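In: pasting the structure only:
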Ligand SMILES: Nc1nc2c(c(=O)[nH]1)N[C@H]1C(S)=C(S)[C@@H](COP(=O)(O)OP(=O)(O)OC[C@H]3O[C@@H](n4cnc5c(=O)[nH]c(N)nc54)[C@H](O)[C@@H]3O)O[C@H]1N2
Ligand SMILES: Nc1nc2c(c(=O)[nH]1)N[C@H]1C(S)=C(S)[C@@H](COP(=O)(O)OP(=O)(O)OC[C@H]3O[C@@H](n4cnc5c(=O)[nH]c(N)nc54)[C@H](O)[C@@H]3O)O[C@H]1N2
Ligand code: SF4
Ligand code: SF4
Ligand code: SF4
Ligand code: SF4
Ligand code: SF4
Ligand SMILES: [Mo]
């Protein structure tokens, strides 16, 4: 077991350096902690896209940003998300991707995409607004929890400890973005015929619902019953896919976004793509007036 | 102890039948709750608090009201109510238990309720509530204990001592009751995300509501179940009737304030929600159940009605319809999407409940559990009424 | 034992440590532990990944399939593939690095786990235990099923049916390869007029019993009475099934579904790209490519015409990123021509054309462009390759070639004495010059507008033919027909012609699903040709193309020992030459009993009605593979009665993953493997400009039963059923030496892995897999049974020499050229250019004849309205006043994703009947009202099983984003089978899932052809079925609730009744 683990750890290490090497090419890694004022300073990003030969998928750029951030201590990271509503095509791939990634049951959703029609024929438009958890700097969902089962981590992510949550749903009412939902213990195949495998796959056909998920890097096996197994009976919300992020992978809704409309990275890193994007004057946040200070920005 | 503690034969049998039906039907619901969790409850991820939370604040209100009534006696020495002081205390205990049971069933993990003691977060109004209830519960038990003791006091010194203890306990109890029930109001009022709840008037409204519903409950109990129908009884009932009338009026005044201000210019999110309460699909809940049967008819009965029967009926109406007020408080605060269009963005396709809907109507199951709790409450009350010295010759005389 | 953070916290809470520490303390503790600990996430490991191919829709995106505890748990995009990451990872990236990079896929792709694991999936062979469609089944052993369908007989005697059912042995009559070949040649001679029927009969008098009808040898052998009808069959399987049908069973009747899909688009492209080629000394038009697309990356202006980039098409994952990026960068503007404000249109310039007004719109644009000389005359004048090269172009057109308008034929150089009969003629400054399209030496730059007489022949340049045809109507007329302002047409045409060659039009089903679909498609292609954008950066491009899987190391087209030559007229008369050369024409003359389709194939909606009508001949066995014409074809419900009748369809077998809306009528249903369990391959649509090859391979352990065929264990699937039948019949090309000496055909992968090998070894071969990668191959397949993955068998299928190369491809899910190879070094053209002739005038069509009306067709786009085969315009009574059209939701994959609870169902539990508020007001309808969709041919319901009626009724939703006067109903809903209906198996009732029944299928309301009366309106050229054009009436059958802000209110009624007592 220990062997297996260390081998795995080694592999991971290799993988991420190889990856970094691959995407960074021959670029030098910056030396840190120099005493003098730097000779070379960072420049603000251009307000428009400049032509560049070396194009790359933003996903690759962001993964590079991510690997860089992971090298820092956790308290120096500040994960943030940027959603470009001009690029979002309302496909809900992020929604469904998130559901499948986190094995969300019916009734639980972390990132619905709102599709709003505005205007009158023929001057009509549709606007798409994906809504993950805002991972608020001042999260109203946190202080209300009677058992302290939800809190803001050092990297800014608002976590729920499913083992501690008593399922009172106070936090759900307190979130101004309806970002929290409740796990009622339902399953997608609840209404389908059930029984043993025979002519039809009544049993194996629902096997996937029993699998564990890995939110917060833990193993969660849902099971309802007189004493439900968490996360059944808990409040649930978007985790920023921290279980992936800490493995050097981008959140699911980011990687699966066909519009390349969702960006993720370290807001504390001035060179990250997300930092670049929120510096523009088209970046807004939802319900700014509440003072929740969301870490999800929208480009409009 | 007095002999006839309950109404005559036929009514009694009928009562038993009704209770048994409630108990079986409700108990079945409770059993289902324990076995299948929240599967048959109709609240959702978007309307996460529903009928049971309304029921909980309803019961809690009854408890606080009943308790405050008793405190009038023990703390302020209101003589007219002396007779029902112990009964009020006991009612406060029973309704508190009902409230806690109700909210316990509402928890996603009822087996973890004790976490609130083990790892409380005192930033949370809810943690405060639980701790306050605990204190309150202990207080009630002590107070009742000393009330019995007081009854059995052998000499005036002892009597005075008990009276003093009771005054102290009641004295502590008053701020406690005010705190926790005002606190329940605050539990809602502090939620900035919900503009319907997010109003400073809530704690006061909750308190008034508690007094009103609790007072009405006691009035109803005294009017209908008091073993001796003498002049004293008549007097008490009449007095209680006046209290209830005053409270109905005051509560309505606050309600008026709560509704009229946001409605004035006819814009804004709160306006929208109030309009929903008043003229939405459940308009009848407000106008017919609450306003007609909870305000107009009781006021008419209390003002023009003759005798304890009318007072009792008015109080009964107030108690029962007050649940509508509680529903109207919890649910409309939640049924509006916080982000427009959320209701269509992603839904729960499985039957029978769409958990991603803002369209909440309590399910049969939720009523079942509610009535189950009531059945348990009635049983507790009956047992106490029967076997505890709550109403003795002294009260009846 | 290692304690996880969770264990510690739990213990903390349980022991009451929390009470001491408070929640603050717990929080700190937890955070301390969170730091540095990566947590558990097995899906980041390469040994839990198999690369495959999606089939939730036919875009077939490359996938990264992740496995957890032996179960497919998560599906993402393949980072090696340009469809999911743009640019993709370098092909040499080690798999453990790629494991951490996920590419994008669409919501259907994400929900695929629920297609794989669907409780209603079939595991065993089902044989009906009641009349067809009764929903009563029993399971039977695989061997018994094969036995029964091969031998036929009184198969249903036990349910009181004494009919003798045919078996495969009754159609597998002509078994002699040599004889087949000879007969085929002789039939061709009959069709060419070189042999008479009598001569044929004489010559083959000993074998006439092998023919369907000796008096009509051109109908072919009895083998043709086996019909293989595939719905959405994919490449790889196509070739596999063709091998079985053609070379194996000697039947000509292999069909796919394309005319319910987008055939007019394909056919128009195929004729636009047809090349004049020689075969055995004779020249003919060889149809070309079926699909070209704008180069989205390089374009400045793109028109998405009746399609988009974000919902359907081919498809969101490869296309959307290119477009959203270019558009937000300000490089790309785009318009969307669509009667509804689609998700794509939401971000662009919406042109709300009238449904079916597209032909008029395109012709209007062409007219304006010609009138205002906004076309690229220099490009159009190049008549051959040399001219194109000289003009700096890669491709050229036949715009200047001369047509004889009397015959519709190009004038041949020999006719004017300027060259031979295989050359064409153009006028060069008034002088006729022979044109050899492929001449690289002598450029011919022709005159564009020619209308003259030459050598006594009337002669018009193709361009002039087009111009005259288009100028028959003025812009006002076209604007009126398109339902748009004239200004809109002009604006659109002007914008389109304002970007040089950096503009292009993408179109798909929207404009073409009409009886004039071919012309509409051709007109839209012509708009591209007019600006000369072919192959240019930002223009219309052919895409990177795919690596050749059929040849190379293994020439799979030839590796078929003893293959039969199928011949004869196809059972729906498609691709069977002109009606006039058939012996049936001699018998019947005009009008043909049912139309012939010489220019097209896969005329799907005609297969079953033709069989039912027995024209041109009755069939014996129908095998339906992965199709559901009853549900998905317009007016397909009419086929229920035909399928239920064993006189018309004597033996009906199907393979399916569930009991579907059409397989429910079959005699036998075989379970099939899903796209996550099986083999196949595909190439990207032209949206990807680099060369590629996408591989589907078994990733999930199979759900269907594992059976043994000839000692080989394998799950039941289309492949294994074919193997079993072929082996039982002794059909050529299977079993020992089936491919060639020493190369046996005993398992599906014997075939498919050879394809992989061909691709792997194509020059230059991919690098061979390292030892670690070989190990990875095994590890990642540790959950697969040996009946699926047996390394020795896999290796044997390709031979040791190439195995390691094959593994490299398997470990990457295909082969992909680097993204930066998209453009040619000059930067102006794409690297994979078409570089050939493009046809403004389609000669085969221009000389073709409508087999029913006997009228000549047009070589250029020609304005017409909706028409029946009788040649009469379809007129709808005025009370049918909403024009129905349909579309696909991005969450819906044809008829087969209703099992995706988390995808299709959760995003949209039911589809709606969308109308504009103006119509809602006029019709007194409001949001939520239930309406029945009624058309002149359809009263709103039909019978699907005895006593079970399906109603076409849906919920109205009133939206601004739809053109007034029309009604949109999406596809994918309205199921009564596919897990939606109850069935009885082995006497046990298995209830359907009520959630799957929601919504409405619009297809039954679509108009029926007045001549044929049993099938939808059909495009006589492309054979495409008409989904558009029907006017319907919405009849209110239920009251809706006024407002919708409170979400779904299905349980309100129940609860309200509770409240009110
Ligand atoms: N989501 C999804 N994507 C798919 C598939 C799927 O099932 N689901 N299937 C794949 C397959 S097989 C195919 S063939 C392609 C089809 O790809 P598309 O052709 O792009 O898809 P459709 O939705 O059939 O039609 C496209 C658009 O035409 C519009 N339309 C309807 N009538 C008219 C009309 O009269 N004129 C004009 N101008 N527009 C009209 C519709 O509103 C719709 O937006 O999609 C492929 N991709
Ligand atoms: N109204 C309307 N109708 C449409 C369209 C539209 O846009 N609007 N689109 C049209 C288009 S473009 C197309 S291509 C057609 C496609 O429509 P269909 O030809 O019906 O294709 P599918 O939905 O792919 O699959 C048909 C059936 O195959 C079975 N099946 C599913 N998966 C598998 C499998 O893995 N193996 C086997 N053996 N069987 C399987 C299921 O029973 C399924 O219902 O629909 C057309 N119909
Ligand atoms: S969005 Fe809601 S759940 Fe998320 S941190 Fe903010 S308040 Fe909490
Ligand atoms: S539901 Fe759970 S996380 Fe939310 S407030 Fe209650 S205990 Fe805390
Ligand atoms: S970050 Fe992860 S958890 Fe959050 S919405 Fe995206 S996919 Fe879901
Ligand atoms: S996946 Fe991307 S484009 Fe699609 S809805 Fe989500 S954010 Fe928008
Ligand atoms: S577009 Fe979506 S459903 Fe279609 S193949 Fe690609 S990922 Fe699968
Ligand atoms: Mo299609």
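Out: Done, it's in. Worth saying up front: this structure is predicted, and the values here are computed from it rather than measured. Ligands and ions are numbered 1, 2, ... in the order given.
In: now residue C:299: closest residue in space that isn't a chain neighbour?
Out: Distance criterion C-beta to C-beta, 6 or more residues apart in numbering or on different chains; nearest residue to residue C:299, sequence neighbours excluded, is residue C:538 at 4.0 Å. Using the backbone N, CA and C atoms, a C-beta is placed for each residue, glycine as well.
In: could you check how far that neighbour is from residue C:823?
Out: Distance of residue C:538 to residue C:823, computed by C-beta to C-beta, to the nearest Å: 10 Å.
In: and residue C:492, by the same measure?
Out: 28 Å.
In: doesn't residue C:293 make contact with the residue nearest to residue C:299?
Out: No - the pair residue C:538 and residue C:293 fails to qualify as a contact (C-beta atoms under 8 Å) at a distance of 11.8 Å.
In: hey, what's in contact with both of those two?
Out: residue C:504 (C-beta atoms under 8 Å, 6 or more residues apart in numbering or on different chains).
In: so for residue C:538 and residue C:823, which sits in the more crowded spot?
Out: The residue with more neighbours, out of residue C:538 and residue C:823, is residue C:538; 26 against 20, by other C-beta atoms under 10 Å in any protein chain shown.
In: tell me the secondary structure of that one, please.
Out: coil (DSSP: H, G, I helix; E, B strand; the rest coil).
In: the residue of the stretch 151-300 of chain B found nearest ligand 2 and residue C:909, how far apart?
Out: The stretch 151-300 of chain B approaches ligand 2 most closely through residue B:281 (34.7 Å), counting by C-beta to the nearest ligand atom. As defined by C-beta to C-beta, residue B:281 lies at a distance of 21 Å from residue C:909.
In: please apply the same query to residue C:296.
Out: In terms of C-beta to C-beta, residue C:296 sits 33 Å off from residue C:909.
In: ok, and the closest non-adjacent residue to residue C:362?
Out: Nearest non-adjacent residue to residue C:362, counting by C-beta to C-beta, 6+ apart: residue C:523, 3.7 Å away.
In: let me know the average pLDDT across the helix or strand containing that neighbour.
Out: Secondary structure assignment for residue C:523, by DSSP states H and E: helix C:517-530. Throughout helix C:517-530, pLDDT has a mean value of 98.
In: and it, does that touch ligand 1?
Out: No - Helix C:517-530 lies out of reach of ligand 1 by C-beta under 6 Å from any ligand atom, never closer than 8.7 Å.
In: just confirm residue C:354 contacts residue C:965, I think it does.
Out: Yes - Residue C:354 is within contact range of residue C:965, at 7.3 Å (criterion: C-beta under 8 Å).
In: quick one: common contacting residues for the two?
Out: With C-beta under 8 Å, 6+ apart as the test, residue C:354 and residue C:965 both reach C:483, C:883.
In: for chain A, what lies in contact range of ligand 3?
Out: When proximity is defined by C-beta under 6 Å from any ligand atom, chain A lies next to ligand 3 at A:133-136, A:139-141, A:158, A:175, A:177, A:179-180, A:237, A:292.
In: count the neighbours of residue C:989 for me.
Out: Neighbours of residue C:989 (other C-beta under 10 Å): 11.
In: go on, residue B:238?
Out: Neighbours around residue B:238, by other C-beta under 10 Å: 15.
In: mind checking which helix or strand it is in?
Out: Using DSSP H and E, residue B:238 maps to helix B:231-263.
In: for that helix, enumerate the helices and strands it packs against.
Out: helix B:201-225, helix B:269-279, helix B:297-304, helix B:307-330 (3 or more C-beta pairs under 8 Å, 6 or more residues apart in numbering or on different chains; DSSP states H and E).
In: so what sits against both of residue C:538 and residue C:823?
Out: residue C:298.
In: show me where the stretch 51-200 of chain A dips below the pLDDT cut-off.
Out: A:51-54 (pLDDT under 70).
In: closest point of chain B to ligand 4, which residue?
Out: For chain B, C-beta to the nearest ligand atom, closest residue to ligand 4: residue B:108, 6.6 Å.
In: quick one, what contacts the nearest residue in space to that residue that is not next to it in sequence?
Out: Distances taken as C-beta to C-beta, 6+ apart put residue A:167 closest to residue B:108, at 1.7 Å, once the chain neighbours are dropped. Shown in contact with residue A:167 (C-beta under 8 Å, 6+ apart): A:182, A:233-235, B:107-109, B:112.
In: what about the helices in chain A?
Out: Ranges of helices in chain A, per DSSP state H, are A:2-24, A:58-70, A:93-101, A:170-174, A:242-245, A:252-255, A:273-278.
In: which ones are touching residue B:244?
Out: Counting by C-beta under 8 Å, 6+ apart, residue B:244 has contacts B:212, B:215-216, B:219, B:298, B:302, B:311, B:314-315, B:318.
In: can you check residue C:1011 too?
Out: C:591, C:852, C:868-870.
In: ok, now with 7 Å
Out: Shown in contact with residue C:1011 (C-beta atoms under 7 Å, 6 or more residues apart in numbering or on different chains): C:852, C:868-870.
In: please apply the same query to residue C:1036.
Out: Counting by C-beta under 7 Å, 6+ apart, residue C:1036 has contacts C:925, C:929, C:931.
In: and if we set it to 8 Å?
Out: C:924-925, C:929-932.
In: ok, now how distant is it from residue C:878?
Out: From residue C:1036 across to residue C:878, the span is 19 Å (C-beta to C-beta).
In: now do residue A:264
Out: Going from residue A:264 to residue C:878 by C-beta to C-beta gives 56 Å.
In: who's residue C:284 bridged to?
Out: Note on residue C:284: beta-bridge partners residue C:277, judged by DSSP bridges.
In: that one is in contact with residue C:277, isn't it?
Out: Yes - at 6.9 Å, residue C:284 counts as touching residue C:277 under the criterion of C-beta under 8 Å.
In: quick one on the thing from earlier: between residue C:296 and residue C:909, who's got more neighbours?
Out: Between residue C:296 and residue C:909, counting by other C-beta under 10 Å, residue C:296 is the more crowded of the two (27 against 19).
In: that one and residue C:305, how far apart?
Out: To residue C:305, residue C:296 is 14 Å away according to C-beta to C-beta.
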